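1. only geometry, no sequence info:
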């Protein structure tokens, strides 16, 4: 029965990804908003909802390791698995904004997580993300969103003139809401059943949080990014990954830590270092061989690094 519901959850995720991608593209067309902005905001935040729910509930329940492990694992899954899979399907072009603003900001967010969460680095004797650091994260996230939208307006990429929409506005909104509902409910169903199966197999809670929980909550990003790549919307796919990574650290952990300080004793330096490494690898991809593009061999490398890390966790 667990396997049946696992497959049902996967089906809902894939169907929701199709609806969300088409609805977001129609919304971008109607308001002349660049697809990357839609990916960075609407899709990225929407598909990060499972991580937000899991981390907030974990923080409220005093399970800090689960809250942080979920974000750490999700960011690694986003960067190494989703970018890896997408690059294997079709090389990912990186825009000037990606290289100059979005990827570097992702590196900064990962370094901030390393600084705040590392034992003894900012908090001698313990590892904790406190409320003031959570507020700093939230303010940085709000600043990035404001800067991104203003930059798009200044460049003329966003105008008040409406294009002739391909779909009725109500249909577009229903597609987005229905897509998000499918992604969130399907992800929750998949996560619940995958966790149940893992516990039956005797896998530890710490490994579950970074692997199955993180992978399950990241399935919406994987599904929507792969669908975007197949449909040729590469900017939307990359915006989804970058936006989700930044939202996971600054918005989700920031909000969780503001509500209740997060102890980080169960998260190792290797886990935090992998988050930084993933963001640096994405930055390096912009300058290797074909500049400004993540190639197929780099996608294969990302997947191989992730496989080695998971092997290290479950050894």
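-> Good, I have the coordinates. A quick note: this is a predicted structure, and the numbers were derived from the prediction, not measured.
2. what about the strands in this protein?
-> For the chain, the strands defined by DSSP state E cover 92-93, 128-129, 262-263, 293-294.
3. Looking at the ones you listed, which is nearest to residue 193?
-> strand 262-263 (27.0 Å; Cβ to Cβ). C-beta coordinates here come from the backbone N, C-alpha and C atoms, glycine included.
4. quick one: contacts of the closest one?
-> By Cβ atoms under 8 Å, 6 or more residues apart in numbering, the residues outside strand 262-263 that reach it are 59, 64, 65, 67, 68, 117, 126, 127, 128, 129, 253, 256.
5. which residues does the first one contact?
-> Neighbour list for residue 59: 67, 256, 257, 259, 260, 262 [criterion: Cβ under 8 Å, 6+ apart].
6. how close does the nearest residue to residue 305 once chain neighbours are set aside get to residue 149?
-> The shortest distance from residue 305 to any non-neighbouring residue, by Cβ to Cβ, 6 or more residues apart in numbering, is to residue 80 (5.8 Å). Per Cβ to Cβ, to the nearest Å, residue 80 is found 29 Å from residue 149.
7. Residue 56 now?
-> Separation of residue 56 from residue 149 (Cβ to Cβ): 25 Å.
8. before we move on, what about residue 32?
-> Relative to residue 149, residue 32 is positioned 13 Å away (Cβ to Cβ).
9. in the stretch 51-200 of the chain, which spans are helices?
-> Using DSSP state H, counting those that start in this stretch, the helices of the stretch 51-200 of the chain run over residues 64-76, 83-89, 96-97, 103-117, 131-154, 169-200.
10. most tightly surrounded among those?
-> Each of the helices of the stretch 51-200 of the chain was assessed for mean neighbour count using mean count of other Cβ atoms under 10 Å. The highest is helix 64-76, with a mean of 27.
11. Counting by contacts, list what it packs against.
-> The helices and strands touching helix 64-76, judged by 3 or more Cβ pairs under 8 Å, 6 or more residues apart in numbering; DSSP states H and E, are helix 49-60, helix 103-117, helix 205-208, helix 214-230, strand 262-263, helix 269-285.
12. Nearest to residue 18, out of these?
-> Nearest to residue 18 among the helices and strands packed on helix 64-76 is helix 214-230 (5.8 Å), distances taken as Cβ to Cβ.
13. Buried ones in that closest one, by neighbour count?
-> For helix 214-230, burial by neighbour count (16 or more other Cβ atoms under 10 Å) applies to 214-229.
14. Select from the strands of the chain the stretch with the lowest mean pLDDT.
-> Mean pLDDT across the strands of the chain is lowest at strand 293-294; the value there is a mean of 79.
15. mind listing what that one pairs with, with the direction of each?
-> Using DSSP bridges, strand 293-294 pairs in its sheet with strand 92-93 (antiparallel).
16. so how far is the partner strand from its chain's centroid?
-> Strand 92-93 sits 18 Å away from the centroid of its parent chain (Cα atoms, centre = their mean, to the nearest Å).
17. Run through the residues that contact residue 48.
-> Applying Cβ under 8 Å, 6+ apart, we find residue 48 in contact with 221, 243, 244, 247, 248, 251, 252.
18. Adding pLDDT and distance to residue 178 as columns, could you present these in JSON lines?
-> Output for the contacts of residue 48, formatted as JSON lines (pLDDT from 0 to 100; distance: Cβ to Cβ, whole Å):
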{"residue": "221", "pLDDT": "75", "distance to residue 178": "18"}
{"residue": "243", "pLDDT": "81", "distance to residue 178": "21"}
{"residue": "244", "pLDDT": "83", "distance to residue 178": "20"}
{"residue": "247", "pLDDT": "89", "distance to residue 178": "22"}
{"residue": "248", "pLDDT": "91", "distance to residue 178": "24"}
{"residue": "251", "pLDDT": "92", "distance to residue 178": "24"}
{"residue": "252", "pLDDT": "91", "distance to residue 178": "24"}
